[in-house]
Structures are given as C-alpha cells and as structure tokens.
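# After the sequence you'll find the predicted model.
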Amino acid sequence: MIDLASLQPGDELPSQTFGPVTRTVLALYAGGSGDHNPIHIDSDFAKAHGHDDVFAHGMLTGAYVSRYLRSFCTQDQIKSWSLRFMAMTPANASVHCTGRVASRDVDEIVLTVETHIDDGAQTVAAQARIALD
C-alpha cells in the first residue's frame with residue numbers, strides 16, 4: 001500500500017486496469033447485483049434500442065473505482081466517495097483507473113479518480129475522502 005500520509009496535492013497515484021468487461025463479466029455482475037436489464041446482456045435488445053452492442057452496468061464501473069481506492073487504503077479509511085458517469089463502458093473494453101491527490105489536511109486526503117476505456121474516453125469522474133491514520 002502507498003503511504004497516503006506522504007502524498008501532497010497534485011501527486012499522482014499508480015494507475016490500475018480492470019477487465020476486459022466480457023459478456024461473462026456482465027452476466028456474472030447481473031446475477032450478483034440482481035440487475036438483469038437486457039441492455040447489458042442481450043445484444044439484440046441493445047441494438048434495437050440504438051446501441052452498437054451491450055455495455056457495462058454503471059455500478060460495475062463504480063465497483064472498479066471502489067477496488068482501485070481499496071488498493072491504497074482500508075475500507076474503514078474511506079470516509080465518503082462519489083462518482084459521476086461520463087460515458088458508457090462497452091463490452092470487451094478495459095477500464096483504466098487513474099488518481100490524483102486533490103487536497104489534504106492533517107487527518108484526511110481527498111483523491112480524484114478517473115476511469116477511461118481503451119479508446120481514451122473518460123467514463124467516470126470520482127472523488128473520495130480518505131482518513132489518514
């Protein structure tokens with residue numbers, strides 16, 4: 001784990017890649033989350049609704065952000081986090097997470113996190129407040 005207490009505003013965190021988001025991953029996520037929306041698992045349905053193919057559940061991408069944060073801190077250090085969906089993550093794309101220190105004070109650090117897919121499109125903008133132990 002990185003020593004978060006040594007980081008300063010502007011410092012970049014190591015990147016991490018998840019995926020690719022295969023159809024198997026989408027089916028497993030649908031089963032685990034209970035979200036069986038056919039737009040995420042049925043190509044014909046997705047195409048009939050104007051998409052090139054199925055795409056990842058937004059909260060699957062959110063789960064990758066959570067895993068990324070957990071690679072730098074323990075779960076109980078995460079005071080809060082939020083995310084905004086910017087674009088869809090298509091099937092078979094990989095999710096690349098990057099982070100930067102936005103600010104810090106004596107007892108917490110604020111991280112900004114972005115996810116991008118293989119073509120460079122940003123899919124999520126997130127922020128997390130992490131307690132420094």
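That came in fine, so what should we check first?
# Return the residues in contact with the spatially most central residue of the chain.
The residue lying closest to the centre of the chain (Cα atoms, centre = their mean) is Val65, at 2.9 Å. Neighbour list for Val65: Trp81, Leu83, Cys97, Val113, Thr115, Val124, Ala126 [criterion: Cβ atoms under 8 Å, 6 or more residues apart in numbering]. All C-beta spots, glycine's among them, are computed from the backbone N, C-alpha and C.
# my read is the last one is in a strand, agree?
Yes: under DSSP: H, G, I helix; E, B strand; the rest coil, Ala126 falls within a strand.
# separation between the residue in the chain sticking out farthest from the centre and Asp42?
Within the chain, Ala48 marks the point farthest from the mean C-alpha position, 27.5 Å out by Cα atoms, centre = their mean. The gap separating Ala48 from Asp42 is 9 Å, by Cβ to Cβ, to the nearest Å.
# go on, Phe18?
Plainly put, Phe18 is 23 Å away from Asp42 if you go by Cβ to Cβ.
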